[in-house]
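What follows is a protein structure lacking sequence information:
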């Protein structure tokens, strides 16, 4: 079932909306009906249920390490795969290599 109920203009959720969305949902009214009663868009009401706790939606940055040495010494080597010697590997890279075997 596709709901095409759209509202003119942007409207943000107030404390009144938040309280009444929960109360109307507890009585068994559907999300499109709640949106129509409170003059909100269906997407705003759906997002309210999916983003219940805003603290859980905070994005935590992930920092990935990177290699500081260049893979190649000159431009002619760009088309080939890099070759490594055992002496060039760091201790953490050696540990990872030994764990895989």
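That came through, no problem. Here the structure is a predicted model, which is why all the values come from computation and not from measurement. Residues are numbered from 1 along each chain as shown.

what's the burial count for residue 40?
21 (other Cβ atoms under 10 Å). Backbone N, C-alpha and C define where each C-beta goes, glycine included.

typo on my end, residue 41
Other residues lying near residue 41 total 19 when counted by other Cβ under 10 Å.

Going forward, count from 44.
Right, with 44 as the first residue, what we last looked at is residue 84.

wait, doesn't it sit right on residue 78?
Yes: assessed by Cβ atoms under 8 Å, residue 84 is found in contact with residue 78 at 6.1 Å.

any low-confidence regions in this structure?
44-55, 94-101, 144 (pLDDT under 70).

Nearest residue to the middle of this structure?
With distances taken as Cα atoms, centre = their mean, the residue of the chain nearest its centroid is residue 102 (7.2 Å).

I'd like the distance between that one and residue 92.
Noted for residue 102: a distance of 20 Å to residue 92, by Cβ to Cβ, to the nearest Å.

next one: residue 122
Distance, residue 122 to residue 92, by Cβ to Cβ: 53 Å.

for the longest helix seen in the chain, packing partners?
In the chain, taking DSSP state H as the definition, the longest helix is helix 58-69. Counting contacts by 3 or more Cβ pairs under 8 Å, 6 or more residues apart in numbering; DSSP states H and E, helix 58-69 is packed against helix 74-80, helix 85-93.
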